[in-house]
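Undergrad: Got a sequence here, can you model it:
(chains A and B)
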Amino acid sequence: MNRKNKKILQTILIVVVALGIIVGLYLYAGQRAFVSTIFSGLTLGSLFFLVAAGLTLIFGLMDVLNFAHGSMFMLGAYIGWQFYTNPTFIFGIAPLALAFGTGVMFISVLKPYVVAWNLSPRMQKLLPTIAYILAAVVIVFAVLGFDILALADTAMVAMTTTTVGNPLAEISPQEPLEEFWIRPVLIMLGGLLIAFGSSKPGDKTQYAPKENLGKAILVPAILLVLTVVSVFIRESAPVSVLLMNGNIRFLLSILVSVAFGFVFGAVIEIILIRPLYARPTFIILMTLGLSYVIRELVQFLWDPLTYQMARPPLFAMPGKAASIGEWLRNGNSTIDILGVTVPTYRLFIIALGIIMFALVTLLMTKTRLGMIIRAGVQDPEMVEAMGINVKSVFTLVFALGVALATLGGIGAAPFLPVQPLMGDAYQTQGLITVVIGGMGSYVGAFVGAMILGIARAFGDYFALKLSLSPAIAEASTVIIMVIVLLTKPQGLFGKKE
Amino acid sequence: MSDVKHDDLLLVDHIHTYIGQFHILEGVSVRVPKGSITVLLGRNGAGKTTTLKSIIGLTPPREGKIIFDGMEIQGKRPYNIANLGIGYVPEHRAIFRQLSVLENLKLAERKKGDFERSSDFIFKLFPDLKRLYKLPGNHLSGGQQQMLAVARALVPENKLLLIDEPSEGLAPILIQQMMEAIETLSHTTTILLVEQNFIMASQLAKQFTIIDDGKSVSSGLMKDLVLQPEVIHRYLGASIKTRIELEMEHESKE
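TA: Below you'll find the predicted structure:
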């Protein structure tokens, strides 16, 4: 009883102090500055949440701190920006990526047969090695002379010209089909070889039932169809995408970016993280290294330059809308709220953050996957012993986390300069958010993100008003973290273990 | 132990299990005939829990065979083993504390409708759970948590239940209730039980295997074991004997 009273008292104290700070800021800054700062704070908070939600889910379930999360956020921005500005790049490499995926996914069909082969232990070791070497050779041959930089370049040229005249003027033609078709075929062969090698031929201890072959063939079959389609729409699709309504195109870029993040996350988890679960420090080093690899890759493709993605038409027309209805009709870039001019794109980001929070909450509380995640946070072994494939749940959660990060990236792209380091600050803030909210708590991530966003916005406001160094604004979030950790070491919504 | 009999649902054949660098099981063999309760006996730390974990695949054995229902299962992933029809009730009431009673049971479903099918049986066995089904797991008492842990294994159709120390830390009246529940379960399912409480074990089980220091040292019918106090004393220690004596004193008072 005493403990309960103490808890209530503590909560009241926190609420009173928070209210006091809010009222104080309101009186000090005045209504206009207060409202406008709150809005920029919520915008930042939404982006922080999109980064922190993935971090906290991944940490809560798998104890993995993903230091490449910021780079994945950045990659999401680049992919979405590319698709929006000039989809030639995406459609140009899609056949190759899909062909490779198709080849690798055939493992589910191959495995039941090859593990049953009678092979000597020597051959069991030798065959995969040969398969991998062959795969590498085949893939090198497949991409020989494929000018990926030209694809990325066309996109940039197009970007500088879209504002004047014909948006399609600068799409340079892709390799003709007669020359191109061999590339996806070879790459698929390479994927098949990798699938063959990693299904451990002759290893009879592997569990690979032949019974559900019909189910196993489904995924590779779908991918095969997609590959063929992507080969044929390679040249026509970028044009039709560019001729689309800009808002729909933006929506599509978001979907492309999220889908990319999901697949990328799944691949990273399976190939790089899964072998390291027994060695947590290795995972940290690996993700740290991965972040550099991603950054260098982006600099290689698009040069270490800073781009500005054009805002979609719904947020682009100069001029202030008086009401939400007017904004939606005309697509104004700013809107009048309580006498304060707020950029409409900020409202979009805030809405995005709130919608994603609602979706994550639904996922965690109402679905079976959410139940498995909450159970797995406590005891993944027991979840597995109940007949649930925890490894695949780990993959799914990692993929979802990365998809949230790439969503944040494409959401931020029209609002932040698109450059290779754009994710770093968000990763730091995301980590601070996770610490404040409590490791593993998505509610904590949301509340923490909003508190941090608003603190940061007021930090900026004071730095400007009192002509302090901008470092004060940067420090504001760290100060909040220190205060929270001193009062609640396990974070606002963290569970004591 | 090498002669496989057809009525054996589970055969554990000379398994060696390591946890990290520690050689925990150094040749454990257990036979679990279909349709009755087999109990693993032994001192604390003898390797009983590790044997159960080796069967379900959480600590896979490095050597030896485990044959369940005619199929070799050693080396398979735990979820594959569980899906063959093995329910595992771990020690220390390892229920999911953040999930409600209902969610704990729902999570145990292997296919849709498992819970609907089994809920009447479960709530008849443990009427308390029906009353509590909305509460989060961490609001339950120790006994209720243990009941939930057993109930969870009853949701899907299992051929074999592995139950680890169901009476541990329970009040006497709850031990009685748990014993009745396990006795009822044994009519429909084969059970491999780990139990420190010798009284409970001897009343429930038909067969026994004694594990001592990572090796199975003796096995047979329970009705023969109770006539061999020197075996009980040697492998199960004085504590068991005192418990028997206590029980006898208790009975003589009544």
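Undergrad: is it fair to say A:Leu334 lies in a helix?
TA: If you look again at residue A:334, you'll see it is Thr, not Leu. No: assignment of A:Thr334 by DSSP: H, G, I helix; E, B strand; the rest coil gives strand, placing it outside any helix.
Undergrad: Could you pull up the residues touching the most centrally placed residue in chain B?
TA: Among the residues of chain B, the one closest to the centroid is B:Ile163, at 1.9 Å (CA atoms, centre = their mean). Taking CB atoms under 8 Å, 6 or more residues apart in numbering or on different chains, we find B:Ile163 in contact with B:89, B:150, B:153, B:182, B:191-194. From N, CA and C alone the C-beta is placed, and that goes for glycine too.
Undergrad: Over to B:Leu102?
TA: Here B:Leu102 is in contact with B:133-134 (CB under 8 Å, 6+ apart).
Undergrad: List the buried residues of the helix or strand where it lies.
TA: Under the criterion of DSSP states H and E, B:Leu102 resides in helix B:101-107. By neighbour count with 16 or more other CB atoms under 10 Å in any protein chain shown, helix B:101-107 contains the buried residues B:101, B:103-107.
Undergrad: helices or strands next to the helix or strand containing A:Ser257 in the packing?
TA: Here A:Ser257 sits within helix A:246-268, counting by DSSP H and E. Helix A:246-268 sits against helix A:69-85, helix A:236-242, helix A:390-412, with contacts defined as 3 or more CB pairs under 8 Å, 6 or more residues apart in numbering or on different chains; DSSP states H and E.
Undergrad: tell me the most buried of those helices?
TA: Highest mean neighbour count of those: helix A:69-85, a mean of 28 (counted as mean count of other CB atoms under 10 Å in any protein chain shown).
Undergrad: check which helix or strand covers B:Thr184.
TA: Assigned by DSSP H and E, B:Thr184 falls in helix B:172-185.
Undergrad: Please apply the same query to B:His14.
TA: With DSSP H and E as the criterion, B:His14 is inside strand B:8-19.
Undergrad: Which other helices and strands does that strand contact?
TA: Using 3+ CB pairs under 8 Å, 6+ apart: strand B:8-19 touches strand B:22-33, helix B:48-56, strand B:63-68, strand B:190-194.
Undergrad: Okay, now the sheet partners of it, with direction.
TA: Strands adjacent to strand B:8-19 in the sheet, as given by DSSP bridges, are strand B:22-33 (antiparallel), strand B:63-68 (antiparallel).
Undergrad: can I get the CA coordinates of the strand or helix carrying A:Val137 in CSV?
TA: Using DSSP H and E, A:Val137 falls within helix A:121-143. What follows is helix A:121-143 as a C-alpha-only set of coordinates in CSV (Å, rounded to 0.1, in the frame of the first residue of the first chain):
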residue,chain,number,x,y,z
PRO,A,121,31.7,-36.0,-45.5
ARG,A,122,34.4,-34.6,-47.7
MET,A,123,31.9,-33.9,-50.5
GLN,A,124,29.5,-32.4,-48.0
LYS,A,125,32.1,-29.8,-47.2
LEU,A,126,33.4,-29.4,-50.7
LEU,A,127,30.1,-29.0,-52.6
PRO,A,128,28.9,-25.8,-50.9
THR,A,129,32.3,-24.2,-51.4
ILE,A,130,32.2,-25.0,-55.1
ALA,A,131,28.7,-23.7,-55.3
TYR,A,132,29.6,-20.4,-53.7
ILE,A,133,32.6,-19.8,-55.9
LEU,A,134,30.6,-20.6,-59.0
ALA,A,135,27.9,-18.3,-57.8
ALA,A,136,30.4,-15.5,-57.4
VAL,A,137,31.8,-16.0,-60.9
VAL,A,138,28.4,-16.2,-62.5
ILE,A,139,27.2,-13.0,-60.7
VAL,A,140,30.3,-11.1,-61.7
PHE,A,141,29.7,-12.1,-65.3
ALA,A,142,26.1,-11.1,-65.0
VAL,A,143,26.8,-7.5,-63.9
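Undergrad: Against which helices or strands is that helix packed?
TA: Partner elements for helix A:121-143 (3+ CB pairs under 8 Å, 6+ apart): helix A:88-105, helix A:182-198.
Undergrad: how close does B:Lys112 get to B:Lys106?
TA: 10 Å (CB to CB, to the nearest Å).
Undergrad: Oops, could you answer that again for A:Ser199 instead?
TA: 34 Å.
Undergrad: try A:Gln308
TA: Taking CB to CB, one finds A:Gln308 at 49 Å from B:Lys106.
Undergrad: How about A:Phe493?
TA: 24 Å.
Undergrad: just to revisit the earlier point, tabulate the helices and strands packed on strand B:8-19 (a markdown table), appending mean pLDDT and mean neighbour count.
TA: Below are the helices and strands packed on strand B:8-19 laid out as a markdown table (pLDDT from 0 to 100; neighbours: other CB atoms under 10 Å in any protein chain shown):
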| stretch | mean pLDDT | mean neighbour count |
| --- | --- | --- |
| strand B:22-33 | 88 | 19 |
| helix B:48-56 | 90 | 25 |
| strand B:63-68 | 88 | 18 |
| strand B:190-194 | 90 | 24 |
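Undergrad: Just the pLDDT at B:Gly87, thanks.
TA: On pLDDT, B:Gly87 comes in at 90.
Undergrad: three-state assignment of it?
TA: strand.
Undergrad: That one reaches B:Pro156, doesn't it?
TA: Yes: counting by CB atoms under 8 Å, B:Gly87 touches B:Pro156, with 7.0 Å between them.
Undergrad: neighbour-wise, which of those two wins?
TA: B:Gly87 (26 against 21; other CB atoms under 10 Å in any protein chain shown).
Undergrad: So what pairs up with the more buried one in the strands?
TA: Here B:Gly87, judged by DSSP bridges, has bridge partners B:Leu161.
Undergrad: Tell me who's in contact with the residue of the stretch 51-200 of chain B found nearest chain A.
TA: Proximity of the stretch 51-200 of chain B to chain A (CB to the nearest CB) peaks at B:Ala82, 3.8 Å away. By CB under 8 Å, 6+ apart, B:Ala82 lies in contact with A:384-387, B:56, B:88.
Undergrad: can you pick the most crowded of those residues?
TA: B:Tyr88 (30 neighbours).
Undergrad: Look up how far B:Ile55 lies from that one.
TA: For B:Tyr88 relative to B:Ile55 (CB to CB), the value is 8 Å.
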